[in-house]
Every structure is written in C-alpha cells, then in structure tokens.
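*Asks:* Quick one: sequence and predicted model below, then my questions.
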Amino acid sequence: MGNLQADMLLQHFAHPEHLLEVYNSNMEYECDGCYMPGIGKRYRCHGCDFDLHEYCGLCPPFLSSFMHSHQLKLINFMPQTNSDLVGFCDVCCDPVEGLFYRCNRCNFDVHPLCTQLPQTIRHVLHQQHRLRLLGPYEPAGRCVVCRGACNASSWPYRCAQCRFDIHLDCVLVQCETRRTQRGIQTYVPPSAFPQQQYFSGHANGVSSSY
C-alpha cells in the first residue's frame, strides 16, 4: 500500500489493526461494519478480508435525519451470541449489529445505509408523481409489486394522490419493466464530506435525481 495516495486510505476504529484501501469490484460482499450486503466501491483490508461500505467507513458519529426528530448517535456493538442481538432497524426491519445509528431516548435504531435513503423518489412504475418514504405509523395499502400489505415490515414508499404503494424491499430489487441501470441516488451532506452516491448497485428502476 506504499504507493497509494492518502485519500485512498482510511484508518477506521472498526478495524484498527490496518489501514483500509479503496477497492472497487462488481462482486457482492457483506460489510464487516453493519453486516448488510454491498456491491461496488468499498474500503477493504485484503490481508484480513475485511470490507466496509463506503458510507460505513465515512459516516459521522452524530447524524440528523428526516427519519427521526432527534439526533442519532453512531453505535458499534458486536454481539457475542445470538441472544445479544440489539434489535432491528426501524426502517428496513433487518437486524442491527456492528455499526448502526441509535436514538437512546426513543429506542430508535437504523442502519447507516438506511439513513441515506431519499425522502422522495421517482419509480419507473409510477413516473407521473414522486413517491415519499412513509414512517411506521402512516397508513398505506398493498405493494404494487408483491401485493403484500405495506407497513407490515419495512417503511414503504407511497404516492398519496394515486394510492400507489411499494415496499422498501421491492424498491431495492431488480425491476424488469425497464432494462436500464438505475440505482437509488442519495447523497451525504456537502458539509460533512464530498458528495458520494450510494445504493448505486441496484438495478431497480428507481431514481431520486429527477
């Protein structure tokens, strides 16, 4: 790593033994920070087979988000057994362990990448209006993709005007309606660090950029 530029290297508290280097591959991997899947650009220690999502490597210790009314704090919790599991992400409902954000006052937990979901998106199945990410207590109907009830698990996206609802999980899977590659485009605040694109590996017919 001696010839790598300084901006290609990262010292991270989740892997203090070695510097991590920017690595780009189309192979899927599991982030060793939040334990969620990833693809594409990440930070990696090749010797230890340690990978971090790009955002998990750079996410700030405190975060303000439209998803929650209080400031969120970055937690690094490593359960020793399955019984030590902290809980589940309040947005996607998958388990949280390793790196995640928490509001202790409300017992609200969320994955770092889930905090980067856009508040509104456009979807190829409903191009006339933007869809808004709904919280857990907002009414929604059935998902237009899988026909399952929304709000039963993860937060859905909705067009209230047309009563068009789609599960978050169904947003993040491949959409066969169009063959073009469209990833969810979300950005970190410019004041924190340079804008980066996340969720860019999903060919799912979704864009928040128009």
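*Replies:* All right, it came through fine.
*Asks:* going forward, measure contacts and count neighbours with C-alpha atoms only.
*Replies:* Fine.
*Asks:* what bits of this protein have low per-residue confidence?
*Replies:* 1-6, 79-85, 152-153, 173-210 (pLDDT under 70).
*Asks:* in it, which spans are helices?
*Replies:* Across the chain, reading from the start of the chain, the helices by DSSP state H fall at 54-58, 168-171.
*Asks:* Can I get the ones you listed in JSON lines including distance to residue 155 and mean neighbour count?
*Replies:* Formatted as JSON lines, those follow (distance: least, Cα to Cα, whole Å; neighbours: other Cα atoms under 10 Å):
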{"stretch": "helix 54-58", "distance to residue 155": "21", "mean neighbour count": "20"}
{"stretch": "helix 168-171", "distance to residue 155": "6", "mean neighbour count": "18"}
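*Asks:* CSV for those helices, including distance to residue 160?
*Replies:* Written out in CSV, the entries for the helices of the chain read as follows (distance: least, Cα to Cα, whole Å):
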stretch, distance to residue 160
helix 54-58, 31
helix 168-171, 16
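*Asks:* among those helices, which is nearest residue 31?
*Replies:* Within the helices of the chain, the stretch nearest residue 31 is helix 54-58; the backing value is 8.4 Å (Cα to Cα).
*Asks:* Can you mark which positions in stretch 93-109 are buried?
*Replies:* Within stretch 93-109, the residues that qualify as buried by neighbour count (16 or more other Cα atoms under 10 Å) are 93, 95, 96, 97, 98, 99, 100, 101, 102, 103, 108, 109.
*Asks:* Centre of the chain to it, how far?
*Replies:* 13 Å (Cα atoms, centre = their mean, to the nearest Å).
*Asks:* for stretch 26-44, same thing?
*Replies:* Here the centre of stretch 26-44 is set off from its chain's centre by 11 Å, with Cα atoms, centre = their mean.
*Asks:* Could you tell me the end-to-end distance of it?
*Replies:* End-to-end distance of stretch 26-44: 14 Å, with Cα to Cα, to the nearest Å as the criterion.
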